[in-house]
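> need a 3D model of the sequence below.
(one chain, ligands or ions: 2)
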Amino acid sequence: MNNANKKSILITGANGLLGQKLVQQILDEGQFEVIPTGIGESRLPTSLKAAKWISLDITDRDDVLQVFEKTRPDFVINTAAMTNVDICEKEKKACEILNIHAVMNLIQAAEKFNSHLVHLSTDFIFDGEAGPYSENDTPNPINYYGWTKMKAEEKIKASKIKWTIIRTVLVYGIANDMSRSNIILWVKESLEKGETLQLVNDQFRTPTLAEDLAQGCLLTIKKQAEGIFNISGKEQLTPYDMAIATADFFQLDKSKIKETNSEAFTQDAKRPMKTGFIIDKAIKELDYCPKSFMDGIGILSKQLKLANS
Ligand SMILES: NC(=O)C1=CN([C@@H]2O[C@H](COP(=O)(O)OP(=O)(O)OC[C@H]3O[C@@H](n4cnc5c(N)ncnc54)[C@H](OP(=O)(O)O)[C@@H]3O)[C@@H](O)[C@H]2O)C=CC1
Ligand SMILES: Cc1cn([C@H]2C[C@H](O)[C@@H](COP(=O)(O)OP(=O)(O)O[C@H]3O[C@@H](C)C(=O)[C@@H](O)[C@H]3O)O2)c(=O)[nH]c1=O
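Ligands and ions are numbered 1, 2, ... in the order given. Here you go, the predicted model:
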């Protein structure tokens, strides 16, 4: 506990899409003290500068222990990861260091300072043969990114710390100075440039609005819920469905969206075919209530207008 009456939440990777939404919601709600951390300088928008930024590279064990020593966070939400799935397939060592070894640094520090670790995981721990998945299904990753996220879960489950694992899928939204895009944004931007897109119609996801994911993380902290929770959107859609919905919403040229399948359209890393999550446990135990996909696009659209005004 830092502030007289507020518990503290340290966010790793706070410059990221989820990280920025968490800082926003924690500041808006005022119930907790937020400690935003990340690699290098803050890229948080000025509106979030109230929170004191701490540079923290979670792959640096001494850096992690020093920051925990200084801040003694009650909770840690680990959003930091190597999230470009195709680069993970090509740069396995870097992916292993960030997605597995760095998590072990956090486990060690959480154990030493009695912090509750909330860790972000993914649908890519599954092989996509039988989605949508519940919390009890058996992982069987088919790409290296998914394998590293599964190994990190195993390290956490084997530890002695208080932990919560939040699994999510295909997060979309807009944040300040983003280091990677997401499907709604790259479909919208490509169509606005008049580019032709190939979208697969045989992969299934339950796309997740970044704000809903952040709220799901905070609900587990508010309810001190431990264990595994699926936090995602409710609707199961294909990337083709998502692209058509995006074009309809922003009134863009749908004829530039070519329907294809995973046989014809391949990426460096294999994607599991049918994933998505069953979110009944989060709805029942956390009162989690995600937006519909169309409402999610509406929220993103309003933020884009604000950002461009
Ligand atoms: N996005 C998605 O579709 C999904 C994401 N997830 C999981 O959710 C979590 C958050 O995802 P998302 O917000 O989209 O990810 P982002 O890629 O937007 O954010 C990850 C952040 O981690 C930071 N980072 C990279 N290396 C380090 C390091 N050594 N120390 C500290 N921070 C570091 C990055 O910094 P910088 O910005 O400078 O590169 C970035 O800000 C991840 O764990 C991901 O695996 C799970 C399923 C789906
Ligand atoms: C680039 C592209 C993707 N797709 C499909 C493949 C995939 O199912 C979906 C999204 O592809 P992307 O490469 O944009 O995103 P992808 O890397 O698949 O996103 C993943 O990110 C990591 C961090 C996760 O944890 C996963 O849950 C998932 O969200 O769209 C197309 O159909 N056409 C395209 O041109």
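
> tell me, how many residues neighbour the residue in the stretch 1-150 of the chain positioned nearest to ligand 2?
Proximity of the stretch 1-150 of the chain to ligand 2 (C-beta to the nearest ligand atom) peaks at residue 122, 3.4 Å away. (Glycine included, C-beta is placed from N, CA and C.) Look at residue 122: counted by other C-beta atoms under 10 Å, it has 24 neighbours.

> ditto for residue 27
When neighbours are counted by other C-beta under 10 Å, residue 27 registers 17.

> shift numbering so it begins at 783
With 783 as the first residue, the last one maps to residue 809.

> how about the helices in the stretch 933-1082 of the chain?
Here the stretch 933-1082 of the chain has its helices, by DSSP state H, counting those that start in this stretch, at 965-974, 992-1004, 1021-1031, 1062-1068, 1075-1090.

> hmm, the residue of the stretch 783-932 of the chain closest to ligand 2 is touching residue 948, no?
No - between residue 904 and residue 948 there is no contact under C-beta atoms under 8 Å: 9.8 Å.

> quick check: neighbours shared by these two?
Counting by C-beta atoms under 8 Å, 6 or more residues apart in numbering, no residue touches both residue 904 and residue 948.

> related to what we said a few turns ago, element containing the closest residue in space to the residue of the stretch 783-932 of the chain closest to ligand 2 that isn't next to it in sequence?
Nearest residue to residue 904 in three dimensions, chain neighbours excluded: residue 931, at 5.0 Å (C-beta to C-beta, 6 or more residues apart in numbering). When secondary structure is defined by DSSP states H and E, residue 931 falls within helix 926-939.

> and the nearest residue to residue 925 once chain neighbours are set aside, what does it touch?
Of all residues not flanking residue 925 in the chain, residue 1051 sits nearest, at 4.1 Å (C-beta to C-beta, 6+ apart). For residue 1051, the contact set (C-beta under 8 Å, 6+ apart) comprises 867-868, 870-871, 925-927.

> for residue 1004, same thing?
The contact partners of residue 1004, taken as C-beta under 8 Å, 6+ apart, are residue 813.

> how about the one 5 residues further on?
By C-beta under 8 Å, 6+ apart, residue 1009 lies in contact with 917, 946-947.

> in CSV: the residues you listed, plus distance to residue 841 and pLDDT.
As requested, the contacts of residue 1009 are exported to CSV (distance: C-beta to C-beta, whole Å; pLDDT from 0 to 100):
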residue, distance to residue 841, pLDDT
917, 28, 98
946, 22, 99
947, 20, 99
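
> bridging residues for residue 947?
Beta-bridge pairing for residue 947 (DSSP bridges): residue 901, residue 1010.

> quick check: it touching residue 932?
No - the pair residue 947 / residue 932 is not scored as a contact, 10.8 Å apart, by C-beta under 8 Å.

> which phi and psi does whatever residue of the stretch 783-932 of the chain ends up closest to ligand 1 have?
Of the stretch 783-932 of the chain, the residue with the smallest distance to ligand 1, taken as C-beta to the nearest ligand atom, is residue 798 at 2.1 Å. Note on residue 798: its backbone torsions stand at phi -80, psi 180 [degrees, to the nearest 10].

> what's the neighbour count on it?
25.

> likewise the one 5 residues further on?
Residue 803 has 26 neighbours, counted by other C-beta under 10 Å.

> now do the closest residue to the residue of the stretch 783-932 of the chain closest to ligand 1 other than its chain neighbours against residue 804, distance only.
In space, and not counting its chain neighbours, residue 798 is closest to residue 861: 5.5 Å by C-beta to C-beta, 6+ apart. Distance of residue 861 to residue 804, given as C-beta to C-beta, to the nearest Å: 7 Å.

> now do the shared contacts for the two.
With C-beta under 8 Å, 6+ apart as the test, residue 861 and residue 804 both reach 793, 796.

> which residues does residue 1080 contact?
Residue 1080 neighbours (C-beta under 8 Å, 6+ apart): residue 1031.

> I'd say residue 954 and residue 1081 touch.
No - Residue 954 is beyond contact range of residue 1081, at 10.0 Å (criterion: C-beta under 8 Å).

> which one's more surrounded, these two?
Neighbours per residue (other C-beta under 10 Å) separate residue 954 from residue 1081, with residue 954 holding more: 24 against 16.

> residues contacting residue 1054?
By C-beta under 8 Å, 6+ apart, the contact list for residue 1054 reads 905-906, 908-911, 913, 924-925, 928, 985.

> using TSV, lay out these together with secondary structure and pLDDT.
Shown next, in TSV, are the contacts of residue 1054 (DSSP: H, G, I helix; E, B strand; the rest coil; pLDDT from 0 to 100):
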residue	secondary structure	pLDDT
905	helix	99
906	helix	98
908	coil	99
909	coil	98
910	coil	98
911	coil	98
913	coil	97
924	coil	98
925	coil	98
928	helix	98
985	coil	98
